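Asker: from the sequence below, what's the structure:
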Amino acid sequence: MAKYGKKYLESAKLIDKTKLYDPQEAFELVCKTAKAKFDETVEVHIRLGVDSRHADQQVRGAVVLPNGTGKDVRVLVFAKGEKAEQAKEAGADYVGEADLVEKITKENWFDFDVVIASPDMMGIVGRLGRLLGPKGLMPNPKAGTVTPDVARAVKEAKAGKIEYRLDKTNIIHCPIGKVSFGTEKLRENFETLLSAVIKAKPAAAKGQYIKSCVIASTMGPGIKINYSKIS
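Answerer: Modelled structure (predicted):
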């Protein structure tokens with residue numbers, strides 16, 4: 001048995017593990033059970049009835065959360081010439097080309113949260129696959145991070161665009177904001193993410209698509225949501 005702290009155990013008492021909570025009640029509880037001294041992140045975990053080992057059952061995409069994530073997102077852009085200037089104007093934190101590839105490979109530098117690339121840069125960005133791939137940072141057209149419109153991609157990332165993708169156990173894990181957002185904003189972000197995941201349902205998926213949906217704050221217990229109550 002994992003040893004849980006006193007605060008966690010107190011919070012866990014407020015939750016009925018066997019119950020599917022209506023979204024409103026679930027988000028009220030997630031705010032109430034977050035007892036850490038810092039502003040905890042709220043994460044959602046969606047288990048899907050697909051098999052991620054099959055290419056035609058992959059679920060991946062990106063969505064801009066209406067209330068952002070509450071996190072200051074550091075954006076790195078691979079672009080040159082005019083596109084590099086556009087990226088800087090849009091608020092990118094780092095813009096470059098081969099120089100940034102070198103910095104990442106030689107210095108093991110990862111002071112960024114999102115990587116965006118214009119399509120003509122993928123030749124050099126491809127060399128970073130081994131390093132960026134495992135961290136979920138590799139630019140991808142499906143997530144809108146390989147795009148000719150780098151300025152728009154930068155603005156969306158800064159505004160709270162999140163990427164969702166299946167892990168090996170067919171679960172999507174995504175941050176949807178901070179506890180300080182309160183019930184309504186968290187719920188709006190959750191509904192936006194869930195709608196995007198439902199729209200991304202692969203044609204090859206059979207049977208029940210969404211198996212379960214759990215929300216939790218960084219240090220708090222999991223709360224099961226009755227996702228069918230989302231209008």
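
Asker: most remote residue from this protein's center?
Answerer: residue 81 (30.2 Å; C-alpha atoms, centre = their mean).

Asker: relative to residue 123, how far out is it?
Answerer: 15 Å (C-beta to C-beta, to the nearest Å). In short, each C-beta sits where N, CA and C put it, glycine included.

Asker: which SS state does the residue lying closest to residue 98 once chain neighbours are set aside fall under?
Answerer: Spatial nearest neighbour of residue 98, excluding adjacent residues (C-beta to C-beta, 6 or more residues apart in numbering): residue 124 at 5.7 Å. With DSSP: H, G, I helix; E, B strand; the rest coil as the basis, residue 124 sits in helix.

Asker: ok, residue 77 next?
Answerer: Here residue 77 is recorded as strand under three-state DSSP.

Asker: ok, now how distant is it from residue 69?
Answerer: Residue 77 is 19 Å from residue 69, by C-beta to C-beta.

Asker: so the two - more neighbours on which side?
Answerer: Neighbour count, other C-beta atoms under 10 Å: between residue 77 and residue 69, residue 77 has more, with 31 against 21.

Asker: residue contacts, that one?
Answerer: 84, 87, 92, 94-96, 115-118, 150, 153-154 (C-beta atoms under 8 Å, 6 or more residues apart in numbering).

Asker: what about residue 9, how many residues nearby?
Answerer: Under the neighbour criterion other C-beta under 10 Å, residue 9 is assigned a count of 11.

Asker: same thing with residue 99?
Answerer: When neighbours are counted by other C-beta under 10 Å, residue 99 comes out with 9.

Asker: report the buried residues of the host helix or strand of it.
Answerer: Using DSSP states H and E, residue 99 falls within helix 98-107. Across helix 98-107, burial judged by 16 or more other C-beta atoms under 10 Å covers 100-101, 104.

Asker: which residues of this structure fall in strands?
Answerer: 41-48, 60-64, 75-78, 94-96, 114-117, 161-165, 171-178, 210-217, 223-224 (DSSP state E).

Asker: any stretches of the chain with poor pLDDT?
Answerer: Within the chain, the segments meeting pLDDT under 70 span 1-3, 230-231.

Asker: cutoff 80 now
Answerer: 1-14, 229-231 (pLDDT under 80).

Asker: just the helices in it please.
Answerer: 6-13, 23-32, 81-89, 98-107, 122-125, 129-132, 150-159, 182-199 (DSSP state H).
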